[in-house]
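Chemist: have a look at this prediction, sequence included:
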Amino acid sequence: MAAERYREKEHAFITIGKDIKAGKIPSLVLLCGKEEYLIRWYTDALIRKYVSESCNAIDLVGFEGEDASAGKIIESLETVSLMSERKVVLLQDFAPAMGNDLKSMPADDLKMLIEYFSDIPEESLLLITAPEQGEKKSGKNKIRTAVEKNGKVYDFQPFKDAQVRDFIEKRFMAAGKSYTSSVINLIMSESGYGNKSIEYSLYNLENDLKKIIAHSGAAPEITAADVSDIIAANPENNVFAMLDAIGRNRKDEAFRLLHNLLNMGSSVFQLLGLITGQLELILSVKEMKDEGVPPGSIHKKLGMHEFRVKKAMAVTVLYSMADLRNALSAAYEVDENIKTGLMEDSLALEFFIAKL
């Protein structure tokens, strides 16, 4: 089978959409990346494309965990489909593709499977999924390298601003709801999407959009109040507000926001992660701003969403560079004090606010 090298010049969801439409999906595909929502979406899309619903039980074969062995996978790919366009063999969350070992597939078996990648029949499709694990970005491994050589890799990383906007608008339109640009901007600004300090993916965003739509009831339009009522409790927003209050020397307000966050169930270490993440962002934005980097270019250089950078930009005027470095140092010290048992969790955070 002819190899096709894939280098991401556009988001993977655009590329795979074009390839499905043009019938250019090869016999070997790896769906990977940070956005598990898109991995699942296009796994289902490829199955719907190639497997007849009436023949799902025969023409779709899935292997998970220790059920996967090279022999079984190869045998399934060599068996022709009955009434479907292609026989699809799915290796969902395939450990070797995520850089992990699989007991049912020792080194020799894995080597045999990889060598078979170049011989997969055109009438079959080996579909491998490998979402990134937490903060660990899936790097090159034998599976990915072999798929790049013999098939195609679609690496689904987080959406950019324009794609997030499109994602939101499509869900509102599908629900028959009208909206204004300011409402979309509010969601993009106040949701946690694009914040690397918290686990907030397209799954979370879609869930919040469903809540917003439900909150609007029978009303034809989504309003700012609908949005605020649903996502006002986002810990990231309260941390930004807390840092803003500290910068304005409103310690009582900062303490109130801290206790609200703790009462809402946020763990101390989650809050510390958010605080240090926000301070690092504010410091980076202030440094670039002082260096004369145009405001419209800062989010591109940082690889962050524009609305998060705008929020950080608003806080930079409240802190000097020395203040921000001292605050970051104090946050790291709080983390150390809690982990070593020198201070009790919530007390350490109160001390952090009082110290600034």
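Modeler: Arrived safely. Residues are numbered from 1 along each chain as shown.

Chemist: in the stretch 101-250 of the chain, which spans are strands?
Modeler: 124-131, 152-155 (DSSP state E, counting those that start in this stretch).

Chemist: tell me what the shortest one is packed against?
Modeler: Right, the one you point to is strand 152-155. Using 3 or more C-beta pairs under 8 Å, 6 or more residues apart in numbering; DSSP states H and E, the elements in contact with strand 152-155 are helix 12-22, strand 28-33. Where you see a C-beta, it was placed from the backbone N, CA and C, and this is true even at glycine.

Chemist: buried sites along the first one?
Modeler: Buried residues in helix 12-22, defined by neighbour count with 16 or more other C-beta atoms under 10 Å: 12, 13, 15, 16, 19, 20.

Chemist: distance from the chain centre to that helix, please.
Modeler: Relative to the chain's own centre, helix 12-22 is displaced by 20 Å; criterion: C-alpha atoms, centre = their mean, to the nearest Å.

Chemist: what average pLDDT does it get?
Modeler: Mean pLDDT, computed over helix 12-22, is 96.

Chemist: neighbouring contacts of it?
Modeler: With contacts defined as C-beta atoms under 8 Å, 6 or more residues apart in numbering, helix 12-22 is touched by 6, 8, 24-25, 33, 38, 42, 45-46, 49, 152, 154-157, 163.

Chemist: buried only: go through those residues for me.
Modeler: Among the contacts of helix 12-22, those scoring as buried are 6, 25, 33, 38, 42, 46, 49, 152, 154, 155, 156, 157 (criterion: 16+ other C-beta under 10 Å).

Chemist: picking up where we left off before, need the strands of the stretch 101-250 of the chain in a markdown table with distance to residue 58 and mean pLDDT, can you?
Modeler: Formatted as a markdown table, the entries for the strands of the stretch 101-250 of the chain read as follows, by distance: least, C-beta to C-beta, whole Å; pLDDT from 0 to 100:
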| stretch | distance to residue 58 | mean pLDDT |
| --- | --- | --- |
| strand 124-131 | 13 | 96 |
| strand 152-155 | 25 | 97 |
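
Chemist: out of the ones you listed, deepest packed?
Modeler: Using mean count of other C-beta atoms under 10 Å, the stretch among the strands of the stretch 101-250 of the chain with the greatest mean number of neighbours is strand 124-131 (a mean of 24).

Chemist: for that one, list the C-alpha coordinates in CSV.
Modeler: As requested, C-alpha coordinates have been extracted for strand 124-131 and formatted as CSV (Å, rounded to 0.1, in the frame of the first residue of the first chain):
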residue,chain,number,x,y,z
SER,A,124,-10.1,-3.4,5.5
LEU,A,125,-9.5,-0.6,7.9
LEU,A,126,-7.3,-0.8,11.1
LEU,A,127,-8.5,2.0,13.2
ILE,A,128,-6.4,2.8,16.3
THR,A,129,-7.2,5.5,18.9
ALA,A,130,-4.8,6.9,21.4
PRO,A,131,-5.9,9.9,23.5
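
Chemist: biggest helix in this structure by residues?
Modeler: In the chain, taking DSSP state H as the definition, the longest helix is helix 268-290.

Chemist: outside of the helix or strand following it itself, list whatever touches it.
Modeler: Past helix 268-290, heading to the C-terminal end, the next element that is a helix or strand (DSSP states H and E) is helix 295-302. Residues from elsewhere that reach helix 295-302, judged by C-beta under 8 Å, 6+ apart: 281, 284, 285, 288, 289, 293, 305, 306, 308, 309, 313.

Chemist: which ones are touching the third one?
Modeler: Residues in contact with residue 285, defined by C-beta under 8 Å, 6+ apart, are 298, 302, 309, 312, 313, 316.

Chemist: for stretch 236-251, which positions count as buried?
Modeler: Taking 16+ other C-beta under 10 Å as the criterion, stretch 236-251 shows 236, 237, 238, 239, 240, 241, 242, 243, 244, 245, 246, 247 as buried.
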